[in-house]
Structures are given as C-alpha cells and as structure tokens.
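Novice: next one to model:
(3 chains)
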Amino acid sequence: MELNRGLNTRQQQAMSAGLGPIQVLAGPGSGKTRVLTFRIAYLISHLAVRPYNILAVTFTNKAAREMQARVEDLLGGEARGLSLGTFHGACARILRIEAEYLPFDSNYVIFDADDQRGLVKQAIREQNLDEKRYRPVSIHASISKAKNDLILPDDFPLQTYRDEIVQRVYTRYQELLLNSNAVDFDDLLLWAAHLLEHNLEVREKYSRRYEHILVDEFQDTNLAQYVLIKHLSSFHRNIFVVGDSDQSIYRWRGADYRNLQRFEEDFSDAQIILLEQNYRSTQTILDTAMAVIESNPYRTHKELFTKKGKGKKLTMHEAFNGQEEGQWIVHTIAETVAKGKADPGDFALMYRTNAQSRLLEEAFLQANLPYKLVGAQRFYGRREVKDVMAYLRLVHNPNDEASLSRVINTPRRKIGNKTILNLRTLALNEGVTLAKVLIDLAKGEESEFYGAFSAGAARALSGFGKLFAGWGDAAPELTPLALMDKILTDVDYQSYLDDGTEEGKDRWDNVLELKRLAAEYKERSLSEFLEAVALVSDQDTMDKDANVPTLLTLHAAKGLEFPTVFITGLEDGTLPHIRSFDDPEGMAEERRLFYVGITRAKNDLFLVRALNRSTYGYQEPTDPSRFLDDIPGELIQGGNPWELGKTYRQRQTHAATNWDAPSTSAPILEPEFQAGQYVRHPTWGEGMVLNAKIEDGEEVVEVHFEDIGMKKLLASLAKLEVVT
DNA sequence: ATAAAGTGACTTTTT
DNA sequence: GTCACTTTAT
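Specialist: Got it, this is the predicted structure:
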C-alpha cells in the first residue's frame, strides 16, 4: 500500500520518520492533523505496530473520532484497539482500571464546573470564611492552577495569607471530593500523573504497552499533561508531538507552550520537522495573520506561504453598535448566499466572549435565518439536563452528594433544607453514608432511622428512599436509556416540567434530546455514558451536516476552518480583553487568539467592530482593537484607517472629548505625574510610576508597588504623594 | 416547605 | 442587564 497520497515532502518525512522522539512544528493549515493520521496508518501498515500499542491524544473527542475514521479509511479496515482520545478521556480510563491504587472506587463520577464550585463553597463555609472576601470561583481557580502544576495541598506554596486560605480550602475540597467518590477535571490528569510517577508497576505496564504515543496541539499541554506523556513514553521513547507555539491559547488553564522547548531539552535526540506550507488560506489572509503575530516578542519568525494565490482583500466594517454589528453580518451572509456565491454553512462568526453571541443570535432570529452555536454548555448546562444526569450519576455512584442534593427534592417532594440537614447530621453521627440511610428508610417505620424525623419528613424521605433503592436494584439489568426512562416515569418528570408554557415544552424537548444521546449507549455501560457526557467539549457538539452559519468563540475555533470568517468585537477591551491589559503574557496570548481566528479563514475574512458596545447594560463608545494597527493597508479593501495607530485614533479621541464633556471642568491636558517618579499611596505604600496619561479628562497613573504589583489609579482619587 | 421578591456580583476563554 | 443566591411572605 502506498501511503503518500497528496502529502508533500515534509509531511511524508514526518509520516515515515524513524523511531524515537519527534517534534513537528506546524503552522496553521499546514496539514498537521493529516500528518498525525497518516503517521498512525503508517505505523500500523508499514511498521506492523498493533493498534493496541498506539496511543494518540487529541484536544477534543470530535478530533479523535475524525482521526479514527480517517485512519480506518487509509487502512481500508478497522483499527481496533487503537487508543485515541483526549487527555482527560485517556486518564479517566486509566483511573478506572487502576482504581485499586487510588483513594476512590472505579465507579467514581466526574464533577462538573458547578459541582466543583459548590464543593469549594461548602469548604469555605465549613472553615467559617467570608464568601465575599474569598470567592469560590477565584479560590477554585487557584486550586485548579495548583493541580495543573501538579501541586498537592501539602505542597501548596504559602506566600500570602490568601495562600493559606487556599491551602486549607484545597485540602478540605479534596476530602469532600473523595467523600463523594468523585474527581474533578484537573484530578483526572493529576491522579493519573501522580500514579504513573509513584507506582513503578503501573508506569511500566502502560509505558510498555504504548510503543507509540502521538500528541496533537502540544503547545496547549500543561505540566500535568507533559509529565503524563513523559511517563507514558518512558519505556519505548517513541513520542511524536505536533504543535505551533503561535496557536497557544490556553495559558489560563495551565498550558505552557514552552513545553515545546522543554521537549527539545528533555528529548535532546528529537528529530524536528517543520511544516510551513499552508493549504487552507489565501496569501492575503496569511499576510494578515503574519502581520498580526509578528508583534509578539520572543518568537521565531515563520513564513506562511501558499500556492492558492493572493485571493480577495479582507473587509473591515464598523457598525454603530452590537445590534447593528450582528445585523450587518447577517445581511452580508444573506446577500452572498442569495447571489449563489456561497452556502450558508460556509460562514463562521467568531467572538472573544460568550456574552457576545446573544446579539449575533438575535440578528439571525430577527432575520428568521437558521444558525448553529458551538458550545456544550448550552445543552448540558440546562437545568433539566443536569437534573436527569444527576439522577443517573447518583444511581451509578450513591456516594455522589452533589447529585443527591440536586435531585432529592426535584421534583418537589417536601424534603426541604431542614430535613436534608437533619439527614446529614444523622448520617454523620451514625457513621454511615446518606445513601445508606435513605435506602434503609425505604423500609418505612421498620427502619431504625424512621423515628429520627418528624412524621412528614420521615414519610417524604422514605418515599424517596424507595425510589432510590428501586433504581439501584434495577440498574445492573438496564441500559442507560432504560434506566433513564424508569427514573423519568417514577418521578413523573414530564409533568414536573410541563407548566403549560413554551419554556416547559422546550425543557422536555431537551430531555428527549438527552434520551436520544443515551440511546447510543445500547451496547455500552452507564459509566461510559456518564463519562462521555462529563467530558464533552464544545467542539464535540458541532454538527457538520447542518448547512447553516456557525457561531463560536475564538477558542472553540481552534483546529477548524471555514471558507468565510467574521471576527467580531474588534475593540480594545474585548479583543484584546481588558483583563489582559496589564499582563504582557496575557496580551501576547490575546494576539495569538486573534491569529488563530484569522487563520481559520480559507477565502474571505471580515474584521468587524462596533463603535458602541454595551457592557452591564450601558452603551459606551469603544476604541478599535490595537491589533488592527498592525494590518497593512494594502491587504484591506479601502485601506486601513488605523494602520500603525496613526491619524484615526487621534481624531477619534478628540471627537470623543468634544462630545462627551461639553460643559464640565476644563480638561487637564498635562499629567501631573511622570514615569520613573516614586510615590506613596496611603494603603499600598511606596511604588514607582510606570506611566501617567490623560484618559477622558482624567489622569490615570500606573504605579508598580513592591508588595502588590501594578495598579492603575486615578490621580484625582488616589491621594498619591511624590517621594523624593 | 415553597413561592415571590430583593440583593449583589458579574463576563474572558474550557476539559 | 442577567444570573444565582438570600431573604421574606405565604
């Protein structure tokens, strides 16, 4: 069999490279997924490697499924036994198999973001900490970061008082997870890495099995993932990674594109193969992308080139506000489709934040045109879907307290907070699990616990206990769908949802959709169904068949391509996002995000912004994204008004001052402070002025304080004293 | 125990 | 302006 169909020389070189560590550095659209696919097929067909001995890790399940199909296509047969999936999926499987070495059972459940937040909150409350001061989300972010860096509670570095709080909450949070026989997303990686690191037997088992390991999107691996693949490949050292540091967009999730460099150091004998030729975009789009990414510091220049030709110039558009931004895009799409120049499915609308999708959706709804939105949260985050999943999770793992508290009184069965609290206390005192108490209460008055509750509460709990016990007995014999049906009938979930409104109908439709998904698990276990649902990614929810425009975040766009791309919200504060303004690394990542968006486009690129945008309900004028300054005018229809930040920006500032502040006090024209000056702040002490400028007639001073770092202050409010 | 009304944080990005 | 969560009235 010839396996070089349509591969260029470099790609073939990567496909048929010898053994040992290999790193493929691949620009956007250079066919890295193809290379990965061909490499797997090559290993199986030419090197006689058994699929069972190959592990390939992709970023999403969707990518894994596509790759599996393509490998089988290339081989002209099945590739049974091939391990192909996401990091989280692969870890979940290892943890189930090796549960005997771990502090939880193999039927553990994976807690979602809401469950995780709930648990952190509980931990915070138990420690009598102020939830206002220590926000669960923020504490959880710190815990998550620690986990991605493989830091256990005991090793948590303590530099500030807050660190001590985080450590305490982290410790308790882990206990609570284990009490529920649960893990969170980060734990999947953490426990797996930990197991491979400390259990020689297990490490040898897997590293011997996986003769070949292949990793896609390597620039977005975090330390836990890096350590994981290092251990997994420790026996055979056949590790093949593909990545592009310019497309690293998950720093906030612990990803470190320097893993590419680390790889070169740790595997100094690695072959390095560069893929530069682009097969996706026109040269104009590539030139735009290069112009944008070029401004990032500390990167090696990559020359993106294509044989596709220059193509069309890109279009910039300024809409009056967010509404009109959406309307203009929908109008443009409708017009192009009407002229027969494109299919509706050719278009993608990308945005920085999820909140932006609403106005875009509204524009489609208004025009009565269909669209699809990429985002798992949309469906799996719905109340009714979470309810039904919680029932299933509870049956599968009776220790799952998060699910229990979710469903024990849904639909209402007169079990209020007071009763639940009593139940908890009772279980704690008796040293048994909540599930045990409930199942015992199913016996009714015979139960030793029955008398501990008021008559009404006891009856209500007993009723639920009976249902619960019944599901537990029936579950082993039932498919996930059959179990779901039984539960839905037993609790009469449909009439609970049906309140006569349109919304109630929609909710039931979602339950039906969930049933459809469960129906695919006829041959597979409940455990597999639960795991799949817990680990769906946004991209997994994309159906390619619907021939309609796609709405998605720039993050979700990674790895995809579309004939025409609209990047929306190109305003300072949105892209780049305001939260990255005072962090150079963050700003570099914002730029990469823009770069990823641009390079998704095959033929047409539209850069769109709104002159006014509402945040928190108030509409405010915006500044154009500073990234637009870097795009050469000759690439844009009608030139670039912001090229190198020149004229337009100034003109606009003047205009804004004239309109917005007609009668207030005369604008201060000169900053009072200067960069380099030392100042004293009443609470933060001494610091150095980094920058001082006039914004909206107010002097804004950026000061670096020794203890707390950079702060942006209003000179009129901050009571800064100059220190000499 | 539950529904209604009020409060306050909040928008990055996601497995 | 929205969501989740808390307080309050029934």
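
Novice: and the residue nearest to A:Q283 when sequence neighbours are not counted, what does it touch?
Specialist: Excluding its sequence neighbours, the residue lying closest to A:Q283 (CB to CB, 6 or more residues apart in numbering) is A:K310, at 4.9 Å. Where you see a C-beta, it was placed from the backbone N, CA and C, and this is true even at glycine. Residues counted as contacts of A:K310 (CB atoms under 8 Å, 6 or more residues apart in numbering) are A:T282, A:Q283, A:T284.

Novice: what separation is there between A:K310 and A:L286?
Specialist: 10 Å (CB to CB, to the nearest Å).

Novice: give me the beta-bridge partners of the nearest residue to A:D256 once chain neighbours are set aside?
Specialist: In this structure, A:D256 finds its nearest non-sequential neighbour in A:N222, 6.3 Å apart by CB to CB, 6+ apart. Counting by DSSP bridges, A:N222 forms beta bridges with A:A255.

Novice: name the residue of chain A that lies nearest to DNA strand C.
Specialist: Residue of chain A nearest DNA strand C, by CB to the nearest atom of the strand: A:G617 (3.1 Å).

Novice: that residue: neighbour count?
Specialist: A:G617: 5 surrounding residues under other CB atoms under 10 Å.

Novice: check A:F240 too.
Specialist: 28.

Novice: can I assume it sits in a helix?
Specialist: No. Secondary structure of A:F240 (DSSP: H, G, I helix; E, B strand; the rest coil): strand, not part of a helix.

Novice: ok, it - contacts?
Specialist: A:A17, A:P21, A:I22, A:V24, A:L36, A:R39, A:H212, A:I213, A:L214, A:V215.

Novice: hmm, A:E294 is touching A:D629, no?
Specialist: No. With contact defined as CB atoms under 8 Å, A:E294 does not count as touching A:D629 (12.0 Å).

Novice: overlap in contacts, the two.
Specialist: What both A:E294 and A:D629 touch, as defined by CB under 8 Å, 6+ apart, is an empty set.

Novice: keep only those of the contacts of A:K310 that are in helices.
Specialist: Members of those lying in helices (criterion: DSSP state H): A:Q283, A:T284.

Novice: now render the contacts of A:K310 as TSV, adding neighbour count, pLDDT and distance to DNA strand B.
Specialist: Formatted as TSV, these follow (neighbours: other CB atoms under 10 Å; pLDDT from 0 to 100; distance: CB to the nearest atom of the strand, whole Å):
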residue	neighbour count	pLDDT	distance to DNA strand B
A:T282	22	97	27
A:Q283	17	97	29
A:T284	23	97	27
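
Novice: including distance to DNA strand C, could the contacts of A:K310 go into TSV?
Specialist: Shown next, in TSV, are the contacts of A:K310 (distance: CB to the nearest atom of the strand, whole Å):
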residue	distance to DNA strand C
A:T282	39
A:Q283	43
A:T284	39
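
Novice: residues from chain A in reach of DNA strand C?
Specialist: Contact residues (CB under 7 Å from any atom of the strand) of chain A with DNA strand C: A:R117, A:G118, A:Y616, A:G617.

Novice: got a winner among these for most neighbours?
Specialist: A:G118 (18 neighbours).

Novice: apart from its chain neighbours, what residue comes closest to it?
Specialist: If the residues on either side of it in the chain are set aside, A:G118 comes closest to A:A402, at 6.0 Å by CB to CB, 6+ apart.

Novice: the one you found belongs to a strand, doesn't it?
Specialist: No. Read with three-state DSSP, A:A402 is helix and lies in no strand.

Novice: circling back: neighbour-wise, which of A:E294 and A:D629 wins?
Specialist: Set A:E294 next to A:D629 and count neighbours by other CB under 10 Å: A:D629 wins out with 18 against 13.

Novice: many thanks, we can stop here.
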